[in-house]
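Enquirer: only the shape, not the letters, is given here:
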């Protein structure tokens, strides 16, 4: 029923649409002005921008299908450091987005497992991400997957300011 594979440029339209839908499901209630939300979609989930990102060696995507329908994706940005973690050897888990209807199918966990396998076989020592503080389901998900609090930051979209946790995962030293 569930199939997960590395995404390619042919998946750009699916990823753009999934990004818009899942972002709406998670964040739209926080926007007083829908114009800000739409402008964010145009900047972030533009098909040509995602297609370009899919072509970069530093961006790895996975896409999840349920009975051949795209229902989620994950993105790992290799070589992405942050001030919150004292290393120059980090990658960033930029997105794990799953359609709300499919959250109980553990697709997010399967995407996480694929992404973590890639990270664990890389030469990077740290993996970090940002998660909205009020998104308790996501915060708990990352906690269960071994991520620890590493900092906080604000992110502005239009007139809205969002408070995020920075979470970090560190490979065990051998």
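Expert: All right, it came through fine. Here the structure is a predicted model, which is why all the values come from computation and not from measurement.
Enquirer: can you give me the pLDDT of residue 155?
Expert: At residue 155, the predicted lDDT confidence score is 93.
Enquirer: which non-adjacent residue is nearest it?
Expert: Ranked by Cβ to Cβ, 6 or more residues apart in numbering and with sequence neighbours excluded, the top spatial neighbour of residue 155 is residue 162, at 4.8 Å. Placement of C-beta: from N, CA and C, glycine included.
Enquirer: end to end, how far does stretch 50-64 reach?
Expert: 16 Å (Cα to Cα, to the nearest Å).
Enquirer: rewinding a little: isn't the residue nearest to residue 155 right next to residue 154, touching?
Expert: Yes: between residue 162 and residue 154 there is a contact at 6.7 Å, judged by Cβ atoms under 8 Å.
Enquirer: look at those two and report which has more neighbours.
Expert: Between residue 162 and residue 154, residue 162 has the larger neighbour count (other Cβ atoms under 10 Å), namely 16 against 8.
Enquirer: so residue 22 is in which element?
Expert: Element membership for residue 22 (DSSP states H and E) is helix 12-27.
Enquirer: mean confidence score for that helix?
Expert: For helix 12-27, mean pLDDT rounds to 96.
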